[in-house]
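J.: prediction below, plus the sequence it came from.
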Amino acid sequence: MRKPCCEKKETNKGAWSKQEDQKLMDYIQKHGEGCWRSLPEAAGLLRCGKSCRLRWVNYLRPDLKRGNFGEDEEDLIVKLHALLGNRWSLIAGRLPGRTDNEVKNYWNTHLKRKLVQLGMDPNNHRLGQLTRPSKSFVPNNNHTYKAVNSNSQALNSTSDPVESNTSSLPDLNLDLTIGLPLVN
DNA sequence: AAGAGAAGCAACCGCTCACTC
DNA sequence: CGAGTGAGCGGTTGCTTCTCT
C-alpha cells in the first residue's frame, strides 16, 4: 500500500496566508530548494511538502512573470500543444517565467475555447475533427516519449514527438531538445 | 441592488517515475 | 532485482471574482 504523501499530522489546507508565504520564502532564500518533505517542519510550516513545493513553484518564485499572456506566448502555447499534447511542464519550460499550472489553466480557460471558436479541435489542432481527449505521449525513461492511445498519426514510428510532428507544422522551428543536467 | 450563473485561478489528489538501498 | 521513498506531473476540484439579468 502506498503511504499518503504527508503523515496524518494536522496540516493546513486551502489558501496560503501572508505569513506562510513569508516563512516559505525566507526558508528557501536561506537554504535553497530541495527536500520538500522535511522543509515544512524545518521552515515552521503546518503544510505538507507537496503543498510547499507547489506554492513556491507556481506563485512565490522570484522569476515568475505574472499577468496576462501575450499574443506571442499564446501562439507558442498553441503550437507547442500541437506538438507535445498536455505536457504542460514541457510547454511551460519554453515560456520563461510561466509555470505549468499557469499554462494549463490558461489553456483550459482561454485557448481551448479560442480554438473551438475557430472551428479547430483543441485535442488534435485540426479543423473540424473532434476526438476524445488526447493523451498523446507519456514520458518514458530519460525524457523520451512513447505514444499511447494515439488518436492517430503514426506516432510510434519515432519516440520523439517533436521529430514526428514538426513535419506537420513546417512554420515552427523550435529547439525542443532537452539537455541532460550538467554533471559535475 | 441582489441573486444566479460563468469564468478564472490556486490548490489538492492520485499516479508515475527515478533514485536508493 | 525488487521494495520503499521522494519528487514531479497532469487532472480535477472548489473558492473567489466577474458579468449578466
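T.: Structure's in. What do you need?

J.: what about the residue nearest to residue A:65 when sequence neighbours are not counted, how many residues nearby?
T.: Excluding the flanking residues, the one nearest residue A:65 by Cβ to Cβ, 6 or more residues apart in numbering is residue A:97, at 2.9 Å. Bear in mind the C-beta positions are built from the backbone N, C-alpha and C, glycine included. A count of nearby residues for residue A:97, using other Cβ atoms under 10 Å, gives 13.

J.: torsion angles phi and psi at residue A:97?
T.: Main-chain torsions, residue A:97, degrees, to the nearest 10: phi 80, psi 0.

J.: swap in residue A:81?
T.: Taking degrees, to the nearest 10 as the convention, residue A:81 sits at phi -70, psi -40.

J.: do you know how far it is from residue A:98?
T.: 13 Å (Cβ to Cβ, to the nearest Å).

J.: buried stuff in the helix or strand hosting residue A:52?
T.: For residue A:52, the element it lies in under DSSP states H and E is helix A:49-55. For helix A:49-55, burial by neighbour count (16 or more other Cβ atoms under 10 Å) applies to A:49, A:51-55.

J.: now the strands for chain A?
T.: Secondary structure of chain A (DSSP state E): strands at A:120-121, A:126-127, A:137-139, A:145-147.

J.: residue A:84 against residue A:91, yeah?
T.: Yes. Counting by Cβ atoms under 8 Å, residue A:84 touches residue A:91, with 6.1 Å between them.

J.: higher neighbour count, the two?
T.: Between residue A:84 and residue A:91, counting by other Cβ under 10 Å, residue A:91 is the more crowded of the two (24 against 20).

J.: ok, the more buried one - contacts?
T.: A:77, A:80-81, A:84, A:100, A:103 (Cβ atoms under 8 Å, 6 or more residues apart in numbering).
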